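In: Sequence plus the predicted model coming up.
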Amino acid sequence: MLHITLDTCVWLGLLTVDFNNEDNYFEEICFLIENKYVIHIAPSNIIEEWNRNKSDNKENAVKELKDKHRDLLNFLKNDSTISAIYQPDKIKEVIQKRIERIDLILNAFSERAILNEDILIEAGNRNLAKFPPNHIKDGYKDTVNMLSLINHIKTKEYDNCLFTTIDGDFGITAKEKYNLHNLLVKEFKDSNLHYIYFGNKKNITDDRNNFGAVFFSQIKKEDSSIPSFQDYLKNKIQEEQSKTLAEKKSVPNITITSPDEDYLENIKYIDIIIARKTPTTFELELIKSLIKRHESYKQYFFNKIGSNGLV
């Protein structure tokens, strides 16, 4: 069984990933942990760090998502009917749901790596000696998290654990964060602990930076038996489409007495466009024309947007 630990900064970074598309790293990591395909280990201090920081980061996350998803409807909301329905504050509710889901993972779906007095003393000594991860700046809390995790792995005699962070303090230097500091290599190896730099969404100029890609790629390499999240989504979509088509054939929508003759074919295009991060002007024009063409498309469009928490 593969064991993983996500640093506090990674959980905070995952709050705003790919909000329009269900195939995103937040949903994938939750899928893996909640279904016990991997076991998440949460050091006690990481849980405390999450609890201290989640509220402060909520507003930043909400703003980031509003900026991203306002663009999706910006072209369409000039229509008076659409602008009356558009409610970007719904995003707050979605962010809150993500926070609550992480709360549940940390407290109910994770093994707890307990903190003890010996760890606090050792962390203090390493901090004074500027031993990594204290070589760049004060890394006392990072050291506490690392030592708690290592102690837990050794106690349980686990043979494979991945630790991932956005914090570059475990790297060789601030600019060489992809490789574990050489003074930590043996300690990690002896503990069957592997270090992976998760990436930073803000540092897009770094050609090696690809937020989360290396970590999720490594999970698949470490345990080939872990099911594909993408395959799970495909099966889920197929089941939902089959159910939707069956319902449409057997029970007409009470608000649509006579759907457009091309309705089932055209809503596929609406789905594709809504899933895109940045729809083209042509695609937005296409949705607008469909909405004007028939009431059935207007209802379908707002139902889809509403299910994403945007209306």
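Out: Nice, thanks for sending it over.

In: any idea what sits nearest residue 196, other than its immediate chain neighbours?
Out: Leaving aside its chain neighbours, residue 196 sits nearest to residue 164 (4.5 Å; criterion: CB to CB, 6 or more residues apart in numbering). All C-beta atoms are positioned from the backbone trio N, CA, C, and that covers glycine.

In: where along this protein do the strands fall?
Out: Taking DSSP state E as the criterion, the chain carries its strands at 3-6, 39-43, 110-113, 161-165, 193-197.

In: For burial, what's the neighbour tally of the residue nearest to residue 196?
Out: Residue 164: 23 surrounding residues under other CB atoms under 10 Å.

In: Output the strands of the chain as TSV; include the columns mean pLDDT.
Out: Below are those laid out as TSV (pLDDT from 0 to 100):
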stretch	mean pLDDT
strand 3-6	98
strand 39-43	98
strand 110-113	98
strand 161-165	97
strand 193-197	97
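
In: nearest to residue 61, of those?
Out: Closest approach to residue 61 among the strands of the chain (CB to CB): strand 3-6, 16.3 Å.

In: and the closest one, what does it pack onto?
Out: Secondary-structure packing of strand 3-6 (3 or more CB pairs under 8 Å, 6 or more residues apart in numbering; DSSP states H and E): strand 39-43, strand 161-165.

In: Going by neighbour count, which residues of stretch 178-188 are buried?
Out: Of the residues in stretch 178-188, 178, 180, 181, 184, 188 count as buried by neighbour count, 16 or more other CB atoms under 10 Å.

In: Out of the residues you listed, list just those in helices.
Out: Judged by DSSP state H, those include 184, 188 as members of helices.

In: Closest one of the buried residues of stretch 178-188 to residue 266?
Out: Distances from residue 266 to those, taken as CB to CB, are shortest for residue 178 (46.2 Å).

In: quick one: the helices in the stretch 101-250 of the chain?
Out: Along the stretch 101-250 of the chain, the segments classed as helices by DSSP state H, counting those that start in this stretch run 117-128, 140-156, 182-190, 213-222, 229-250.

In: List the buried residues in the fourth one.
Out: Think helix 213-222. Buried residues in helix 213-222, counted by 16+ other CB under 10 Å: 214, 215, 216, 218, 219, 222.

In: now these as TSV including distance to residue 295 and pLDDT?
Out: Below are the buried residues of helix 213-222 laid out as TSV (distance: CB to CB, whole Å; pLDDT from 0 to 100):
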residue	distance to residue 295	pLDDT
214	47	92
215	46	95
216	42	95
218	49	95
219	46	95
222	51	94
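
In: Residue 155: which of these is nearest?
Out: Relative to residue 155, the closest of the buried residues of helix 213-222 is residue 222; by CB to CB it sits at 21.1 Å.

In: Now do the contacts for the residue nearest to residue 196.
Out: Residue 164 makes contact with 4, 5, 6, 7, 10, 195, 196, 197, 198, 215 under the criterion CB atoms under 8 Å, 6 or more residues apart in numbering.

In: Show me which of the residues you listed is closest to residue 139.
Out: residue 7 (11.9 Å).

In: my guess is that closest one contacts residue 166, does it?
Out: Yes: taking CB atoms under 8 Å as the definition, residue 7 is a contact partner of residue 166 at 6.8 Å.
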